[in-house]
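Asker: no FASTA, just this:
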């Protein structure tokens, strides 16, 4: 089957794989000529073609080499490890008003000195298992009810992302109602985040909702869009530099963005309130990205400048909390192998990218990071406290220098390469005895069908 996919140029030109595989639509194959691959993507179950099956999957192999990812704190040193990801799904359509989407996943890790991280290994589990019911649909509007295990992805991934970069993608159990028209998309959902264990079908589901919200996107011009959202989260034992206590947090945010050719931008701001134990939460995050793509120049080079101001705690041990919680962010926003997360952070992030051929693209980036508050620490991309701020009053955390390349063999096979050097700044130098700069190089070979 692999050789069939690689040599069939006709099939290659027809592919449009999406980040969320359940968003793919293969109904255009209903009346086409039948090749073996087309039968996998569209298997007719009824004479009129409205009932059908679609199969797909992914195989991803990653080899990484890292040096001092802990900045020398725990003696991680140099290590080479292998990550594997396997995904297989089927999309069953029962006419135009209902469907069942099922996806299995397997994530494996081998070689890490300290063992797999929570994002690395889950030997076999259900990634998606949901039923879609469409109670209302006309030529311009659709209302969908989605029930079950599902992935979520909103905005630019700064606050709620599926996290495709790590070996294990995020998922939730719950219910979502989605309205879509030509210019408006509006989702409301209530979700629970299951605990991930490393065995076979052993991830525990919970009946307690810990994520809920409403997210809307409105087209306000030919190429400008406005997102407005409210997200709520509940966590029993989050760990901040302020301490550990039950957290109930409410996030109110907005995003104005434009993608495409020429001038682009992406502005986002959020405010958070709520309770942290007996104390109060008051936090904020402001992010911007301004860029320009030279569409008429060779390689279509693009320049972008990202900036972030994300609040940290103002006063240690007072019971209140001003540290921003980015909920479920895309860690890759802060680098290929990010060592800084979106909490207590001020960052400047220039980026240059170019397409050297239709198959080869490259990018060069730098990320400069400071603590927003000297009374708070440094956090991981997932929001966990990485290094307490109690040992230093310096702000500068460090600088990441990043280069990546992506080569597309065809529409099924892609190779990604990346290199990152992290130079520690004054805060880490004071806080970590025998501190060391970090280095990371990785390669990812992926095959999708």
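Answerer: On my side now, so go ahead. Owing to the predicted nature of the structure, the values given are computational and were not obtained by experimental measurement. Numbering: from 1, shown residues only.
Asker: where along the stretch 301-449 of the chain do the strands fall?
Answerer: Secondary structure of the stretch 301-449 of the chain, counting by DSSP state E, counting those that start in this stretch: strands at 302-310, 345-355, 360-370, 378-379, 385-387, 396-408, 413-424, 438-448.
Asker: point out the most buried one among those strands.
Answerer: strand 378-379 (a mean of 26; mean count of other CB atoms under 10 Å). For the C-beta atoms, the positions are set from N, CA and C on the backbone; glycine is no exception.
Asker: what's in contact with that one?
Answerer: With CB atoms under 8 Å, 6 or more residues apart in numbering as the test, strand 378-379 has contacts from 323, 340-345, 371, 385-387, 389, 397, 427-428.
Asker: quick one: that strand to chain centroid distance?
Answerer: Distance of strand 378-379 from its chain centroid, counting by CA atoms, centre = their mean, to the nearest Å, is 19 Å.
Asker: use 4 as the first number for this chain going forward.
Answerer: I'll keep to 4 as the first residue from here, and by that count the last item is strand 381-382.
Asker: in its sheet, what does it sit against?
Answerer: strand 388-390 (antiparallel) (DSSP bridges).
Asker: any idea of the mean pLDDT for the strand it pairs with?
Answerer: The average pLDDT within strand 388-390 is 94.
Asker: could you do stretch 395-406 as well?
Answerer: 96.
Asker: same question for stretch 418-428.
Answerer: Rounded mean pLDDT across stretch 418-428 is 96.
Asker: swap in stretch 108-122?
Answerer: Rounded mean pLDDT across stretch 108-122 is 93.
Asker: rewinding a little: of the strands of the stretch 304-452 of the chain, which is nearest residue 40?
Answerer: Proximity to residue 40, assessed across the strands of the stretch 304-452 of the chain by CB to CB, is greatest for strand 441-451 (12.6 Å).
Asker: could I get the full set of strands for the stretch 54-203 of the chain?
Answerer: Using DSSP E, counting those that start in this stretch, strands in the stretch 54-203 of the chain cover 54-70, 81-97, 101-113, 125-140, 145-153, 175-183, 187-195.
Asker: include distance to residue 382 and mean neighbour count when you put the ones you listed into a markdown table, please.
Answerer: Listed next are the strands of the stretch 54-203 of the chain as a markdown table, based on distance: least, CB to CB, whole Å; neighbours: other CB atoms under 10 Å:
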| stretch | distance to residue 382 | mean neighbour count |
| --- | --- | --- |
| strand 54-70 | 19 | 18 |
| strand 81-97 | 23 | 17 |
| strand 101-113 | 23 | 19 |
| strand 125-140 | 24 | 17 |
| strand 145-153 | 27 | 18 |
| strand 175-183 | 22 | 18 |
| strand 187-195 | 23 | 17 |
